[in-house]
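**Q** Please find the sequence and the predicted model below.
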Amino acid sequence: MSVFKKIIIVISIFGFMFPCDCAPPPSPEDAYNSSDVVFSGQVTNIIEDWNNLFKEVSIDVYDVWKGTIQNQVIILTGIDDGICGYDFEINEEYLIYGNYSDNFIWTNICTRTNLLENAEEDLDYLNSLNNTQCDSGYTEYENECYYNDDLNTLTMLIYLNDIEFEVFYDIGITLWENGHINTLILEGLSIHEIPNNIQNLDSLVHLSFSDNQLENIPVEIGNLPSLEFLFLSNNQLHELPEQIGNLINLKFLHLPGNQLTELPASISNLSSLQSFNVDNNLIISMPPNLIYLNSLQYLYIANNEIYQLPSDIGLLSELKILSAYTNNISVFPESIGNLFNLYHCDFTNNELITLPETICNIYGNLIVFNVGINYICPPYPSCLDVDALGAQDTSSCNEDFECFDFTGLDFGVCAMVLGVGLINDECNFISGCDWIIDGIDYSDLFFDSMDECEEVCDTDYQIDLGDLNDDGSLNILDIILMVGMIMDEEPYDQIADLNQDGSINILDIIALLNLILNPATSCEDIDGNVYETVQIGEQVWMAENLKVTHYNNGDAILTGYSDVEWSWLDSGAYAVYDDHPANVDIYGNLYNWYTVVDERGICADGWHVPSDTEFMELEMFLGMSESEANSTGSRGTNEGSKLAGRADLWNSGSLEENIEFGTSGFTGFPAGNRDYGNGNYNSMSFFGAFWSSTESNSFTAWNRELEYHSSIVYRFNATKQFGFSIRCIQD
């Protein structure tokens, strides 16, 4: 409200600034009839506004005889009795007669507003009223007003579930405030259906349908803006609606004893959630975006079938209790060592085989630490002794590891690295969505490193993609064999799948022909990493992301920075996505732009980080017009799909669905990034970004981005602290 508007209101109520002169006070009946609201309460605060000549009076409401108001209300009155202002005092109790003006309640000394202890005549009249004076939309029962929409919801609940009752507006535990339901607890009543008009209860704070027979929840439950407590324990729920993520004020969500197999992604929207309980369900995995519940303090996920927790669960910095006993969890996330508020940690009866040293960061804070009934083998974290680990099955700790052939097994198309294993007689990093296929758990058959796989499986040779006859070179004979494979519909062979899209077709023939006509040159960095390369037009590019950890003079590129430290760097550094070494082998490292222009150099001898102009030359060779290449933002048609590769790593979308996907041989990966603002890792499998060496201004530099949802190429000037991938180009 503007100052002018406030002054007009004061003038309209009290007259033109002359001393207040009241007629004799009206009778209680006349005062009641001429008022919009009549209520009692205690003053808790007073704010004086001398500029506008009024006071704001905060009141905790006791009883309401007329009108509809909340439990706490602010009313206005003149600044002093000279302009008819009532002289309220903090902590005193009053009976108040008020009227609305411009959506504010006003009172003055000319009404019957009075100290509650002096209002006996008024109270006798008010309490004698047969309260049929309910506002429109309300119904009176036993001198109380009830909101019709809330009553209709209760009526529908009773009808759908044949609930027995004495008073229909008081089933179970039903608490009303100012005519609206505040608390509704209906437990153990064999309720099997919640009506869609549950959304009418827009003042509902506490809702419990525990110990009933519910199989589903209506989507309308997401339309309860005031809900803070939701208890649905011990029902027969198989799924939750996505709309549950609309309950942004929800603090407690308890769902133990149901039949849930997964949780909706919208759970991450519950930013106020403090306690989350899904014990005793059938959940297989926790959504990665669980980490966005930054108010969460209590997480109960025991007695499920969970095989993996989000690797960055350590971002739940407020977490105090993590109860995950009796699941199938095989990896204890290292980031749990960042949960410095945690005092209860229970992983009893899982599939753990190791514990990270990071547990020692918080071990001294833990009141409860249970990891018994697992398969944990030495060496143990330095802060733990054998007694602290409880009973462990160590019978497999010293067994020789056998080589298992994963050829033909489909673990799903997800960016998660499952481990290293043998496929088509080669050791490869294997990605997928789960270690379990058709009820068989393959997690124990993966190796932790490429060296271990090659040693155990005795793979001391490597067949190049496209070399179908294994003669050590790519030539016309390989093209003939590939055409035959396609024509005869022979079984899939990874050696022939040059663009790694899971099938063999004309695109692989084109890629093979390109390799024959434009043979790759070798590229080896100072650390000894050897990269595949590809010639595209007159340029020769690395076909993998850079992994180097030293400058060309041997100096180490600095790493290991915290999120905050990363955001303020003004010198070269690199990071590993999620701090997980396995990501380096596939996706390479993420470098800030200061590394790109460091005079010590990071590309192999004879190679350099491409300029913005060299990226444009690449894009125009692939079909982009010159005007598009010189523009910013989204550019081109399908050049992004041509530059991308490894469909198994990308989230499904227009990029990998385009027929030109992977045809250039550039093989762009969705390595994600490290954010310049907060140091977080973001968007692996959704996004890949590559630095150029060209500065845009003192704060930003040009880059190129590929995104899963589009076949084009993006050109942006990004803040130099971003962590992006690097592709080198031959001099």
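**A** Structure received. Not measured: the values here are computed from a predicted model.
**Q** sec struct for D63, please.
**A** Secondary structure for D63, judged by DSSP: H, G, I helix; E, B strand; the rest coil, is strand.
**Q** correct me, but it touches V38?
**A** No - D63 is beyond contact range of V38, at 9.2 Å (criterion: C-beta atoms under 8 Å). C-beta here means a position set from N, CA and C on the backbone, and glycine is covered the same way.
**Q** So between those two, which is more surrounded?
**A** V38 (25 against 13; other C-beta atoms under 10 Å).
**Q** residues contacting that one?
**A** Contacts for V38 (C-beta atoms under 8 Å, 6 or more residues apart in numbering) come out as 31-32, 64-67, 95-98, 126.
**Q** from those, which single one is nearest I191?
**A** Looking at these and their distance to I191, the nearest is V64, at 31.7 Å (C-beta to C-beta).
**Q** who does that closest one bridge with?
**A** Assessed by DSSP bridges, V64 has beta-bridge partners F39.
**Q** Next: F252.
**A** With DSSP bridges as the rule, F252 is bridged to F229, S275.
**Q** any idea how far it is from G679?
**A** Here the criterion is C-beta to C-beta, to the nearest Å. By it, F252 lies 31 Å from G679.
**Q** In this model V597 seems to touch K720, though I could be wrong.
**A** No - distance between K720 and V597: 9.2 Å, which falls outside the contact criterion (C-beta under 8 Å).
**Q** Among these two, which residue is more densely surrounded?
**A** K720 (22 against 16).
**Q** For that one, which residues are in contact?
**A** K720 makes contact with 592-594, 676, 699-701 under the criterion C-beta under 8 Å, 6+ apart.
**Q** The chain - how does it break down into domains?
**A** What the record gives for the chain is the domain set 3-128, 138-389, 420-457, 476-517, 523-730, from automatic domain parsing.
**Q** quick one: which of the ones you listed is nearest D470?
**A** Closest to D470 of the domains of the chain, according to C-beta to C-beta: domain 476-517, at 8.4 Å.
**Q** Could you give the separation of that closest one from the chain centroid?
**A** Relative to the chain's own centre, domain 476-517 is displaced by 40 Å; criterion: C-alpha atoms, centre = their mean, to the nearest Å.
**Q** mind checking the end-to-end distance for it?
**A** 10 Å (C-alpha to C-alpha, to the nearest Å).
**Q** And the average pLDDT for that domain is what?
**A** Averaged across domain 476-517, pLDDT comes to 77.
**Q** Stretch 206-215 too?
**A** 94.
**Q** next one: it to chain centre, how far?
**A** 27 Å.
**Q** start the count at 44, not 1, going forward
**A** In the new count, where the first residue is 44, that last one comes out as stretch 249-258.
**Q** Using CSV, list the CA coordinates for it.
**A** Extracted in CSV, the C-alpha atoms of stretch 249-258 (Å, rounded to 0.1, in the frame of the first residue of the first chain):
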residue,chain,number,x,y,z
HIS,A,249,-1.3,-32.6,9.0
LEU,A,250,-2.7,-35.5,7.0
SER,A,251,-2.4,-39.2,7.9
PHE,A,252,-4.0,-42.2,6.1
SER,A,253,-1.7,-44.8,7.8
ASP,A,254,-2.7,-48.4,8.3
ASN,A,255,-5.4,-48.5,5.6
GLN,A,256,-5.8,-50.2,2.2
LEU,A,257,-4.8,-47.6,-0.2
GLU,A,258,-3.4,-48.7,-3.6
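**Q** Touching that stretch from outside, list them.
**A** So stretch 249-258 is contacted by 225-237, 244, 267, 270-281, 297 (C-beta under 8 Å, 6+ apart).
**Q** Just the buried residues of that stretch, please?
**A** Neighbour-count burial for stretch 249-258, counted by 16 or more other C-beta atoms under 10 Å, picks out 249-255, 257.
**Q** next one: stretch 286-299
**A** Taking 16+ other C-beta under 10 Å as the criterion, stretch 286-299 shows 286-290, 293-299 as buried.
**Q** Ok, stretch 196-216 next?
**A** 196-197, 199-201, 204, 206, 212, 214-215.
**Q** same question, stretch 221-241
**A** Here stretch 221-241 shows 221-229, 232, 234, 236-238, 240-241 as buried, counting by 16+ other C-beta under 10 Å.
**Q** Mind picking the two most distant members of those residues?
**A** Maximum pairwise distance in the buried residues of stretch 221-241, criterion C-beta to C-beta, is 28.5 Å, between N221 and E236.
**Q** Where do the helices of the stretch 644-774 of the chain begin and end?
**A** Using DSSP state H, counting those that start in this stretch, the helices of the stretch 644-774 of the chain run over residues 655-664, 669-672, 682-686, 697-700.
**Q** could those go into a markdown table alongside mean pLDDT?
**A** Converted to a markdown table, those look like this (pLDDT from 0 to 100):
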| stretch | mean pLDDT |
| --- | --- |
| helix 655-664 | 94 |
| helix 669-672 | 91 |
| helix 682-686 | 93 |
| helix 697-700 | 90 |
